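> Sequence and predicted model, in that order:
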Amino acid sequence: MTYNLLILPGDGIGPEIMDATRRVLGWYSAKRGFAYEAEEDLVGGISYETHGEPATDAMMAKALAADAVLFGSVGGPQWDKLPFHLKPERGLLRLRGDLKLFANLRPALCFDALKDASTLKPEIVAGLDILIVRELTGGVYFGQPKELVTLASGEKRAVDTQIYYAHEIERIARVAFEAARLRGNKVASAEKSNVMVTGVLWRETVHRIHDAEYPDVQLIDILADNCAMQLVRAPKTLDVILTDNLFGDILSDEAAQLTGSIGMLPSASLGARTDGRLPALYEPIHGSAPDIAGKDLANPIATILSFGMCLKYSFGRTADAALLDKAVERVLAEGYRTGDIMQPGMTKLGTAGMTDAILKALDALNG
Ligand code: NAD
């Protein structure tokens, strides 16, 4: 089986972190029988400079045909003043929209070697491994009406609409239960059913899908505000958190902070599996970091671990994904750091040096 990948490095540090990822891809191809063909294209500001738009139809066609898209980052100050529809970020939004990526998976992993980088006590975060499954295309960010109006009285009024259809909850619940089966087999479904009817429908629907299709997975209900508290109080009691678009936005950033650096965190955005095909895009959670672009300073780990998520979720290669996690853990335990996670007494590496170290660790662990 040969996997078809589309690589979109994008702007800023995107090309550097994607160079690093390409080397890891090469390693998996040579040493673990990962057969792939990769196409490359432009997205974001670089696409605007070349083609006059942040995502071309030709690039979108490649994305729709690929088994998975590996995305770097987009954006930069030189494009800040462009009209909204030409901004680099529209390229990413078009990819998410056209591929119908309704599920966002964000792990919050705290590598033991970095437990002191968190703002929480080391014993609270050491060994932390949470996965947030966030609904990405519905809820209050998209619900209509959405308006800001001036009333006859002269007073302004703003309306956002929180709206969920049962089918939107069903499909994201399935993603969370499937993901849980690959991990700790435990889902905490976070909503506000005490005050919101969308929360009532959320809870009822999640339980229906659970009872009918995933009775082997442990399910607990948790109010979203309590979930926010548990994340800082006892985060290791949580495994998979299933939640809507708004709560997921907030809870995933809170969880990211537990782990110390945004240069370490990967993500996956998935669509619905149809005829065996799963639309999927993998990207680091950080942006294009224009302040350090082109200087060999970027931490490539978030992007490399995004490829690890691709191995797991797109291709079911869980052992290969676990090997990559272990390689990163080993490199950190050996004291290697990029600038963003540098600690006293450790060895500072650039993007290429960190990638070399990860490849060396992969070789060592592969035996
Ligand atoms: P950012 O994530 O790019 O950077 C925030 C800070 O973290 C910076 O100091 C940066 O140097 C550092 N940083 C980020 N990633 C790093 C890495 N891998 N290694 C080391 N340090 C890293 O966020 P920002 O500064 O708010 O945004 C910069 C640009 O990126 C903007 O144009 C923004 O719109 C865009 N952006 C894009 C995405 C995306 O492509 N998905 C996401 C967020 C922001």
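Looks like it arrived, so ask away.
> hey, let's count contacts and neighbours off CA atoms from now on
OK.
> and the most centrally placed residue in the chain, what element?
Nearest to the mean C-alpha position of the chain, by C-alpha atoms, centre = their mean, lies Ser267 at 1.6 Å. Assigned by DSSP states H and E, Ser267 falls within strand 266-270.
> which strands and helices sit next to that strand?
Where contact means 3 or more C-alpha pairs under 8 Å, 6 or more residues apart in numbering; DSSP states H and E, strand 266-270 is packed against strand 103-109, strand 280-284, helix 301-313.
> Partner strands of the first one and their direction?
For strand 103-109, the paired strands and their directions (DSSP bridges) are strand 129-135 (antiparallel), strand 266-270 (antiparallel).
> Any part of it near the ligand?
No: contact of strand 103-109 with the ligand is not found when judged by C-alpha under 6 Å from any ligand atom; the minimum separation is 12.4 Å.
> what's the following helix or strand past that strand in contact with?
Counting by DSSP H and E, the next helix or strand C-terminal to strand 103-109 is helix 122-125. Contacts with helix 122-125, where a contact means C-alpha atoms under 8 Å, 6 or more residues apart in numbering, come from 110, 115-116, 118, 233-236, 258-259.
> For this protein, which residues are neighbours of the ligand?
Counting by C-alpha under 6 Å from any ligand atom, the chain sits next to the ligand at 73-77, 263, 286-292, 298-300, 340.
> let's see it at 5 Å
Neighbours of the ligand within the chain, by C-alpha under 5 Å from any ligand atom: 73-76, 263, 286-289, 298-299, 340.
> Output these as a markdown table; include the columns pLDDT.
What follows is those, written out as a markdown table (pLDDT from 0 to 100):
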| residue | pLDDT |
| --- | --- |
| Ser73 | 98 |
| Val74 | 98 |
| Gly75 | 98 |
| Gly76 | 98 |
| Gly263 | 89 |
| His286 | 92 |
| Gly287 | 93 |
| Ser288 | 98 |
| Ala289 | 97 |
| Ala298 | 97 |
| Asn299 | 97 |
| Asp340 | 91 |
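> can those go into TSV with extra columns for distance to Thr21, secondary structure and neighbour count?
Formatted as TSV, the residues of the chain next to the ligand follow (distance: C-alpha to C-alpha, whole Å; DSSP: H, G, I helix; E, B strand; the rest coil; neighbours: other C-alpha atoms under 10 Å):
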residue	distance to Thr21	secondary structure	neighbour count
Ser73	13	strand	28
Val74	16	coil	29
Gly75	20	coil	25
Gly76	22	coil	19
Gly263	14	helix	21
His286	15	coil	18
Gly287	16	coil	18
Ser288	16	coil	22
Ala289	17	coil	18
Ala298	12	coil	26
Asn299	11	coil	27
Asp340	18	helix	15
